[in-house]
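1. Please work out how this folds:
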Amino acid sequence: MQVHVEKVEPIVGFLDRFLSTERVEVKCSGGITSDSPKFYTYINQISNIYFSSPEFSANVNSIHSFLILMHSDLSADIYINDFKVIAEIRLKRNLEVGTLVRGNDIADILESRIPDIDIQDSDSVICCLKVGWKFLLYFNFLSEGRRFDIVSMQTELGRLYRYLSFQYVYHTLESKDCFKEMIDDGWFPFVEILGKDYKELAAMYQNGKSTSDHAVKALLDKFDESRLREMTDKWWENLLFQGKRDLLQAGIDAFLKGTKGDYINCIKNLYTEIEGIMRLLYFEDTGQGNRIGQEEFISHLIAVGEQTAGDANSLLLPQQFLKYLTESVFTSFNVETGTVDLSRHSAAHGVATGKDYTVERALQAILTLNQIYFYLPSPSNDAE
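-> Take a look at the predicted model:
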């Protein structure tokens, strides 16, 4: 449904807060989800202005998505429900064109756009989209001298769509105690397990259950030879990973053999290769390879990951991964106090205890390498 309105009232934004008795702050652009109470304040006012006419009044409850373009002559075009929205995503693995894309296939959502509607740089825009059982609202009211930035809109729509689609991930991060417990146990919202796998894992921690719960075992059981091959096939497209293929494959093969001794071999092997890839990346980008500490090569990886992600709220979670690497993979040990949790350092120096070389830690090492792969520039695996 499309409706053209000859005359609408000019809007400059939403009153956001009072600065004094005579001065207020007006929000002219931004994005919000239906989790925020402000959403309902905004959407009710928009509805009263644009959807109170006879064309809409009988069917207003059936509206779930809309795009309003307010033109410079104060006319407006209103699009309801059936306009096309395209999301640009990054895939976990290579898929053929025409393949059904599931939530478990998504590594990140980069942006969302509306391809078939011409939006002029002189238009003010309001857009509301339904995502699952929630909504996102984007608005940009132009003032004199400003031009509409379509790229900014696409990025913001992508951010909001990503947040609502993967809200279970962000909820874990927002619960600091829960996230810390996961890191302490070696878990992270790894790219490979986003989707049903991570939902079940996160629910276990949010419910206060131990790591021996069935959710962890169910997750481990899913990583058979077929899934690991599907996950790692793309690694060899990257020169850093390709140069270490024999070493990395040896660790993965050990994991698949499935004995205690093999998990020890897997971890001993892959923990050193995690550091090796990060050091080689640092050398490639800076020309410096000697006398650098873990702080330098970890920080450099995160900076590369932030550039690859292009958005601080990306599902690649670079800042959170910094915390994971520092507090789990590369955490320090102290023999005198008995603090010798399994890490790159305790394993390399031979002070970690045998009981810590578990199947969980072995899989986490593989998933950490996969996370690093997604931080590195690589052949495109984006899709629309």
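
2. Would you map the helices across the stretch 51-200 of the chain?
-> 54-57, 150-165, 167-174, 176-184, 196-206 (DSSP state H, counting those that start in this stretch).

3. So which elements touch the fourth one?
-> I take that to be helix 176-184. Judged by 3 or more CB pairs under 8 Å, 6 or more residues apart in numbering; DSSP states H and E, the packing partners of helix 176-184 are helix 167-174, helix 196-206, helix 318-324. (Each C-beta comes from the backbone N, C-alpha and C, glycine too.)

4. Any idea how far that helix is from the middle of the chain?
-> 18 Å (CA atoms, centre = their mean, to the nearest Å).

5. likewise the second one?
-> Centroid separation between helix 150-165 and its chain, computed with CA atoms, centre = their mean, is 12 Å.

6. for it, which positions count as buried?
-> Residues 150, 153-165 are the ones in helix 150-165 that count as buried (16 or more other CB atoms under 10 Å).

7. Just name the closest of those to Met182, please.
-> Checking the buried residues of helix 150-165 against Met182 by CB to CB gives Tyr163 as the nearest, at 19.6 Å.

8. For the closest one, which residues are in contact?
-> Contacts for Tyr163 (CB atoms under 8 Å, 6 or more residues apart in numbering) come out as Thr33, Tyr170, Asn313.

9. got the residues you listed as TSV, with neighbour count, distance to Phe66 and pLDDT columns?
-> As requested, the contacts of Tyr163 are arranged in TSV below (neighbours: other CB atoms under 10 Å; distance: CB to CB, whole Å; pLDDT from 0 to 100):
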residue	neighbour count	distance to Phe66	pLDDT
Thr33	17	16	97
Tyr170	16	26	94
Asn313	14	25	88
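
10. Tyr357: which of the residues you listed is nearest?
-> Distances from Tyr357 to these, taken by CB to CB, are shortest for Tyr170, at 32.3 Å.

11. And the pLDDT at the closest residue to the closest one other than its chain neighbours?
-> Among residues not flanking Tyr170 along the chain, Tyr163 sits closest, at 6.1 Å (CB to CB, 6 or more residues apart in numbering). The model reports Tyr163 with a pLDDT of 95.

12. okay, and for the chain, where does confidence drop off?
-> By pLDDT under 70, the low-scoring segments of the chain are 56-58, 144-145, 209-213, 378-384.

13. quick one, phi/psi of the residue most central in space within it?
-> For the chain, the residue nearest the mean C-alpha position is Leu315 (1.1 Å; CA atoms, centre = their mean). Dihedral pair for Leu315: phi -70, psi -10, per degrees, to the nearest 10.

14. Neighbours of the closest residue to it other than its chain neighbours, how many?
-> Spatially, and ignoring its direct neighbours in sequence, Leu315 is nearest to Asp108 (4.4 Å; CB to CB, 6+ apart). Counted by other CB atoms under 10 Å, the residues lying close to Asp108 total 24.
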